[in-house]
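**Student:** fold the following and give me the result.
(one chain, ligands or ions: 2)
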Amino acid sequence: MTIKVTPLSDALGAEVTGVDLRERLSDVDRKNMEDAFIKHLVLVVRDQELNPRQYMTATRLFGKPMRQYFSDMILEEQPEIVVIDSREAPLLPNGEPRLVGSGAWHSDHTNTLQPPKVTVLYAIVLPRKGGTTGFANMHMAYDALPEDEKVKVDQMRTVNTLGKVINQVSTADLEEFGKPCVHPLARTHPVTGKKAIYVGPVKVECIVGMGQDESRRYIRELQERVIQPDIIYRHYWKPGDLLMWDNRSVAHKAFRDYDHMEGRIMHRIILEGDVPV
Ligand code: OGA
Ligand code: MN
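**Tutor:** Ligands and ions are numbered 1, 2, ... in the order given. Model (predicted):
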């Protein structure tokens, strides 16, 4: 079997066909997938039929799974998999949908010192309509900034916590993942050396040296300005899709364009990354 990689948009994303992740990938296929991932930043591997163990094994080819701060959503048989089930959403005490699948453009787990390099979602149950996910190429976002603003952004550091996520996280997870950590607002990709705007706005307490309101306003305004249609790919899920994105260079959001009670179930794995620099 030889893999075929087809771009999904001008900005980012590619579809991978001709691969069955239940089987051992040849060295050539694996290298092609790794190269495609670095080039396209989002890969959609189509038509997969994986049980949780096979899903774990396939994902390990691309990195080392790490713990997620959703201990209450863990799949018992494979504890590194978190089950995101939209039907659980209304069960939150404040009545809001769970923040996995946040409706704001974000990178995942920015509250950790070494945030994941990759997030993987495998579609288990899809709604009849909607449930789409947006991806934005944050290298392009950075490149589009005026030169003087690049200089400014290069110096900015965000302080990140689980602050606003607190009521969705168990006390034990809060203990483990809740400590503030500082990240550059523009990070350099460890493989390509390219810069990207890097932020998970919900977790930002402030930008170092700036007040909270001013920091949040700046980040909101920055995202609105740079995340334009020409840097976005919007994914319409199909059964069997296994999708992985590069958290170092891609912002994503859930469009939440479906009936949450109908059921949308994703199996989620995150892979260890470096300390952002
Ligand atoms: C996530 C996430 C979006 C979606 O899993 O981190 O943001 O559409 N998911 O499920
Ligand atoms: Mn996310």
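
**Student:** so which residues of the stretch 151-277 of the chain form strands?
**Tutor:** 157-160, 181-184, 186-188, 195-197, 204-207, 232-235, 242-246, 250-254, 265-271 (DSSP state E, counting those that start in this stretch).

**Student:** Gly63: which of those strands is closest?
**Tutor:** Nearest to Gly63 among the strands of the stretch 151-277 of the chain is strand 265-271 (3.3 Å), distances taken as Cβ to Cβ. Using the backbone N, CA and C atoms, a C-beta is placed for each residue, glycine as well.

**Student:** what mean pLDDT would you report for that closest one?
**Tutor:** Averaged over strand 265-271, pLDDT sits at 97.

**Student:** also stretch 9-22?
**Tutor:** 98.

**Student:** and it, how far from the chain's centre?
**Tutor:** On the basis of Cα atoms, centre = their mean, to the nearest Å, stretch 9-22 sits 17 Å off its chain's mean C-alpha point.

**Student:** quick check, it touching ligand 1?
**Tutor:** No - counting by Cβ under 6 Å from any ligand atom, ligand 1 is not contacted by stretch 9-22; separation bottoms out at 13.9 Å.

**Student:** re the thing from before, could the strands of the stretch 151-277 of the chain be laid out in a markdown table, adding distance to ligand 1 and mean neighbour count?
**Tutor:** Putting those into a markdown table (distance: least, Cβ to the nearest ligand atom, whole Å; neighbours: other Cβ atoms under 10 Å) gives the following:
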| stretch | distance to ligand 1 | mean neighbour count |
| --- | --- | --- |
| strand 157-160 | 15 | 20 |
| strand 181-184 | 17 | 19 |
| strand 186-188 | 18 | 20 |
| strand 195-197 | 17 | 26 |
| strand 204-207 | 16 | 21 |
| strand 232-235 | 8 | 20 |
| strand 242-246 | 9 | 25 |
| strand 250-254 | 3 | 24 |
| strand 265-271 | 5 | 22 |
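
**Student:** interface residues of the stretch 51-200 of the chain facing ligand 1?
**Tutor:** Ile84, Val100, Gly101, Ser102, Asp108, Thr119, Leu121, Thr133.

**Student:** so which helix or strand takes in the first one?
**Tutor:** Assigning secondary structure by DSSP states H and E places Ile84 in strand 78-85.

**Student:** and that strand, what other elements does it pack with?
**Tutor:** helix 52-60, strand 74-75, strand 265-271 (3 or more Cβ pairs under 8 Å, 6 or more residues apart in numbering; DSSP states H and E).

**Student:** quick one: average pLDDT of the shortest one?
**Tutor:** Looking back up the chat, that one is strand 74-75. Averaging pLDDT along strand 74-75 gives 94.

**Student:** tell me the strands beside it, with direction?
**Tutor:** Strand pairing for strand 74-75, using DSSP bridges, gives strand 78-85 (antiparallel).

**Student:** now whatever helix or strand comes next after the strand it pairs with and helix 52-60, what's the angle there?
**Tutor:** Where DSSP H and E defines the elements, the next helix or strand beyond strand 78-85 is strand 118-125. Interaxial angle, strand 118-125 versus helix 52-60 (axes from the mean of the first three to the mean of the last three Cα atoms, to 10 degrees): 150 degrees.

**Student:** show residues contacting strand 118-125.
**Tutor:** By Cβ atoms under 8 Å, 6 or more residues apart in numbering, the residues outside strand 118-125 that reach it are 48, 50, 55, 59, 62-63, 83-84, 108, 133, 237-247, 252, 263-271, 273.

**Student:** low-confidence stretches in the stretch 1-150 of the chain?
**Tutor:** 1, 90, 97-100 (pLDDT under 70).

**Student:** now do 90
**Tutor:** 1-2, 69-72, 87-103 (pLDDT under 90).

**Student:** extract the CA atoms of the strand holding Ile84 and return them as CSV.
**Tutor:** Provided in CSV are the C-alpha atoms of strand 78-85 (Å, rounded to 0.1, in the frame of the first residue of the first chain):
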residue,chain,number,x,y,z
GLN,A,78,-6.6,2.8,27.4
PRO,A,79,-6.1,5.5,30.1
GLU,A,80,-4.2,7.7,27.7
ILE,A,81,-7.3,8.2,25.6
VAL,A,82,-9.8,10.8,26.7
VAL,A,83,-13.4,10.4,25.5
ILE,A,84,-15.0,13.7,24.4
ASP,A,85,-18.8,13.0,24.3
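
**Student:** done for today, thanks.
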